[in-house]
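Enquirer: Sequence and predicted structure, then a few things I'm wondering about:
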Amino acid sequence: MMVFDDILPCLTNILTPHLGALKSSLYPIYINRDLNGRVRLIVNEIHETDPNIADLLAAIAIEIFEKLSPHGFPPEHAILWEVDPKALLSDKTKVALDGCPGVFVIDRLAVDGDWSVIAPVAETPQRVAFFSIKGGVGRSTALAATAWALAEQGLRVLVLDLDLESPGLSSSLLPSDRRPKRGIVDWLVEDLVDNGDAVLGDIVASSLLSREGEISVVPAHGGDPGDYIGKLGRVWMPKLDAQGGRETWTKRLARLLDLLEARLKPDIVLLDSRAGIDETAAACLTGLGASLILLFALDGDQTWTGARIVCRHWLNTGVVLKIRERLQVVGAMLPETDTANYLDSLTESAWTVFSDEVYDEVPAGSVSNVDGSWSFDRADNPAPHTPWPIRWHRGFAALRNLHDRLDGIDPKEVYAIFGPLIDGVRDVTGLEPVRP
Ligand SMILES: Nc1ncnc2c1ncn2[C@@H]1O[C@H](COP(=O)(O)OP(=O)(O)OP(=O)(O)O)[C@@H](O)[C@H]1O
Ligand SMILES: [Mg+2]
């Protein structure tokens, strides 16, 4: 029985014997994989009346139906005739079909969050995404500590809680009486009816934790969440304009970030992403132009299976070069005992995935990062796979109130745990402390 994962290899087998004949007239060739996971060819309609091509396509259509069923259409519906497929599909995600140069699969997904549409890096201010495959690894705590430390150095830090389905970051930076009236979800819902400006000023609050710089916090929801479920169910909506234009929710979020930056003039933006292979996480990692994407990792199969899935998707959709130099592994909650062995094993796991999916293959004996290749040895430091370590510390375990913990904390205590992360973020983004 044919299943989803068999579709692409089977298409390769079907098309390979016909490549020569197809090449002369049809290239590039597009295959549509629809929302139900059924495939058909997309062909320029000028070929509809050419008997040679029509016969060849009819034979391929029969083969697709017979071999791909139930993932193929009946032959009479197996070809979509389009006026100008190349122009029509110019902005769509294309997966190159293995072994068939010039053949591309257009993948239609039921969700708008697209892992393979990579926004260019936003330069000023730089944006840093805090992401992990597994939840509960100390991402939000580390983000709050980083915001606190950078602000201590006199910097203006903007923090967004983009973990919309499980918000909480803002409570670590704001006491309950300082929460803003509304949050990101309110703006996203109002924006659908062109009413975003009415709430923009109500979604930011300034944290009193900062004595030198500024920490502006934009929570997922306001002090009173209101009908949060009712709003959350609408934030993913694309916005349609009168001309039929369509702005995805990721683009709307990017627009909100631009507006906040124009208003608050931060030196750096820290984004608390949702964990896992999730639509909100996709927006945060790929759609907002983050120049640094921190992958918080515990050593274990769950983290590395998930990380490999995401990296392989970037590889297969041809976008890995656009994103790989932004990635950095963070070793989350390093155990108190046997720390060196744990870190070594974490580094090995990270290196295995990065060298398989992300780094260029460098022939044995040659030097990495010469001749334009981009690769790192296992022992290289710094390297994207070499974890920035964060130690597990009982003083941060199972905190009921991180805000009170950070209030008046000794900087040395923060640096002893989060120092490599804080320094790493500052160095990679090229930020100069205003007050060293
Ligand atoms: N370095 C640390 N040492 C010990 N405990 C920590 C550390 N960092 C965070 N914690 C604790 O671990 C728990 C999870 O932390 P946090 O909420 O920051 O994780 P998260 O990755 O953001 O989780 P989620 O995926 O649910 O958003 C909290 O109880 C927190 O107090
Ligand atoms: Mg969190």
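Expert: Nice, I can see it. Ligands and ions are numbered 1, 2, ... in the order given.

Enquirer: contacts and neighbour counts: CA atoms only from here.
Expert: OK.

Enquirer: how close does T339 sit to ligand 1?
Expert: Separation of T339 from ligand 1 (C-alpha to the nearest ligand atom, to the nearest Å): 13 Å.

Enquirer: Okay, that residue and M333: tell me how far apart.
Expert: 10 Å (C-alpha to C-alpha, to the nearest Å).

Enquirer: Repeat that for K412.
Expert: Relative to M333, K412 is positioned 18 Å away (criterion: C-alpha to C-alpha).

Enquirer: which of the two has more neighbours?
Expert: Relative neighbour count places M333 above the other of K412 and M333, with 19 against 10, counting by other C-alpha atoms under 10 Å.

Enquirer: pLDDT at the more buried one, what is it?
Expert: pLDDT recorded at M333 is 96.

Enquirer: how about the nearest residue to R38 once chain neighbours are set aside, what does it touch?
Expert: Nearest in space to R38, with sequence neighbours left out and distances taken as C-alpha to C-alpha, 6 or more residues apart in numbering, is H71 at 4.3 Å. Applying C-alpha atoms under 8 Å, 6 or more residues apart in numbering, we find H71 in contact with 2-4, 7, 37-39, 65.

Enquirer: residue farthest from the centroid of this structure?
Expert: Using C-alpha atoms, centre = their mean, the residue of the chain lying farthest from its centre is P51. It sits 45.8 Å away.

Enquirer: Can you give me the distance of that one to V105?
Expert: If you measure P51 against V105 using C-alpha to C-alpha, the figure is 25 Å.

Enquirer: Next: F131.
Expert: Here the criterion is C-alpha to C-alpha. By it, F131 lies 29 Å from V105.

Enquirer: out of these two, which sits in the more crowded spot?
Expert: Neighbour comparison, F131 and V105: the larger count goes to F131, with 27 against 23 (by other C-alpha under 10 Å).

Enquirer: right, and that one touches L294 too?
Expert: Yes: under the criterion of C-alpha atoms under 8 Å, F131 is in contact with L294, at a separation of 5.8 Å.

Enquirer: got any residues that touch both of those two?
Expert: Residues within reach of F131 and of L294 at once, by C-alpha under 8 Å, 6+ apart: there are none.

Enquirer: if I look at L22, how far off is Y30?
Expert: In this structure, L22 lies at 12 Å from Y30, with C-alpha to C-alpha as the measure.

Enquirer: And the two? Which one has more around it.
Expert: Higher neighbour count among L22 and Y30: Y30, with 25 against 17, using other C-alpha under 10 Å.

Enquirer: Now do the SS call for the more buried one.
Expert: At Y30, secondary structure determined by DSSP: H, G, I helix; E, B strand; the rest coil is strand.

Enquirer: contacting residues around the residue nearest to S375 when sequence neighbours are not counted?
Expert: Ranked by C-alpha to C-alpha, 6+ apart and with sequence neighbours excluded, the top spatial neighbour of S375 is Y359, at 4.8 Å. Residues near Y359 by C-alpha under 8 Å, 6+ apart: 374-376.

Enquirer: Which residue ranges of the stretch 151-300 of the chain form helices?
Expert: 169-173, 184-191, 197-200, 228-235, 249-264, 279-282 (DSSP state H, counting those that start in this stretch).

Enquirer: Between the ones you listed, which one is closest to ligand 1.
Expert: In this view, the helices of the stretch 151-300 of the chain are compared for proximity to ligand 1 by C-alpha to the nearest ligand atom, and helix 169-173 is the closest at 7.4 Å.

Enquirer: And that closest one, how far out from the chain middle?
Expert: Once both centres are worked out by C-alpha atoms, centre = their mean, to the nearest Å, helix 169-173 turns out to sit 22 Å from its chain's centre.

Enquirer: Tell me the helices and strands packed up against it.
Expert: Counting contacts by 3 or more C-alpha pairs under 8 Å, 6 or more residues apart in numbering; DSSP states H and E, the secondary-structure elements packed against helix 169-173 are helix 139-152, strand 214-218, helix 402-406.

Enquirer: Quick one: the ones you listed as a markdown table, columns for distance to D301 too.
Expert: Formatted as a markdown table, the entries for these read as follows, by distance: least, C-alpha to C-alpha, whole Å:
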| stretch | distance to D301 |
| --- | --- |
| helix 139-152 | 19 |
| strand 214-218 | 34 |
| helix 402-406 | 30 |
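
Enquirer: tell me the most buried of those?
Expert: Comparing these by mean neighbour count (mean count of other C-alpha atoms under 10 Å), strand 214-218 ranks first with a mean of 26.

Enquirer: quick one on the thing from earlier: most neighbours of all the contacts of Y359, which one?
Expert: Neighbours were tallied for each of these (criterion: other C-alpha under 10 Å), and the maximum of 23 neighbours falls on F376.

Enquirer: quick one: the closest residue to S171 other than its chain neighbours and ligand 1, what's the gap?
Expert: Ranked by C-alpha to C-alpha, 6+ apart and with sequence neighbours excluded, the top spatial neighbour of S171 is H403, at 6.9 Å. Distance from H403 to ligand 1, counting by C-alpha to the nearest ligand atom: 11 Å.
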